[in-house]
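K.L.:
okay, sequence plus prediction incoming.
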Amino acid sequence: MSRAAPSLTVRAARPDDAADVAALLVELGYPDNDVDDVRRRLAAWEREAAGAALVAEQHGRVVAAVAVTAFPYLEREGRCGRVVALVVAAGHRGQGIGRRLVEAAEAAAASFGCVRMESPARATAPNRTTSTGAWATRTGATTARGT
């Protein structure tokens, strides 16, 4: 059973979150992210019309991040939302923070016109200890096939 996350705020990521997000990317298995590079990418996410980078802040510190993007279907009307990154700091897992971020990502995707959400079926991060397929099963997300 997960513990409740005390005083958690989910908000849009900002360029000044770069140091915390870079540290989270290390936990996700991507250690080669210079803080200035992450700052530039977060600025790009702020301008992204069909995507959002969100962070979870607890006691004034960023402890998790998610990025979601939307793309149009060719075969039907509407758009599909896809979680392209999700990470919760090791010391903050098991509190429902990831679930809260996914809910916020789903809400953002809905605002982009998405009628469906998906996550990658297999993780590609080198230090991944659980697959996104297992995460999707626990959270009820639809996984993409063949990715």
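P.N.:
Nice, thanks for sending it over. Keep in mind it's a predicted model, so treat the numbers as computed, not measured.
K.L.:
quick one: furthest residue from the center of this structure?
P.N.:
Going by C-alpha atoms, centre = their mean, the residue of the chain most distant from its centre is residue 75, 26.2 Å out.
K.L.:
next up, phi/psi of it, please.
P.N.:
Dihedral pair for residue 75: phi -90, psi -10, per degrees, to the nearest 10.
K.L.:
again with residue 39
P.N.:
Main-chain dihedrals, residue 39, degrees, to the nearest 10: phi -60, psi -40.
K.L.:
correct me if wrong: residue 73 contacts residue 80.
P.N.:
Yes - if you go by C-beta atoms under 8 Å, residue 73 and residue 80 touch, sitting 6.2 Å apart. C-beta: built from backbone N, CA, C; applies to glycine.
K.L.:
which one of these two has more residues nearby?
P.N.:
Neighbours were counted for residue 73 and for residue 80 using other C-beta atoms under 10 Å; residue 80 has more, 20 against 12.
K.L.:
which SSE is the residue nearest to the more buried one when sequence neighbours are not counted in?
P.N.:
Nearest residue to residue 80 in three dimensions, chain neighbours excluded: residue 116, at 5.0 Å (C-beta to C-beta, 6 or more residues apart in numbering). In this assignment (DSSP states H and E), residue 116 forms part of strand 114-118.
K.L.:
confidence score at residue 7?
P.N.:
pLDDT, the model's per-residue confidence, is 87 for residue 7.
K.L.:
what about it, distance to residue 27?
P.N.:
Residue 7 sits 21 Å away from residue 27, going by C-beta to C-beta, to the nearest Å.
K.L.:
same deal with residue 89?
P.N.:
Residue 89 is 6 Å from residue 27, by C-beta to C-beta.
K.L.:
then residue 74?
P.N.:
For residue 74, the distance to residue 27 - C-beta to C-beta - is 35 Å.
K.L.:
give me the more crowded residue out of the two.
P.N.:
Remark: of residue 74 and residue 27, residue 27 carries more neighbours, 16 against 5, as counted by other C-beta under 10 Å.
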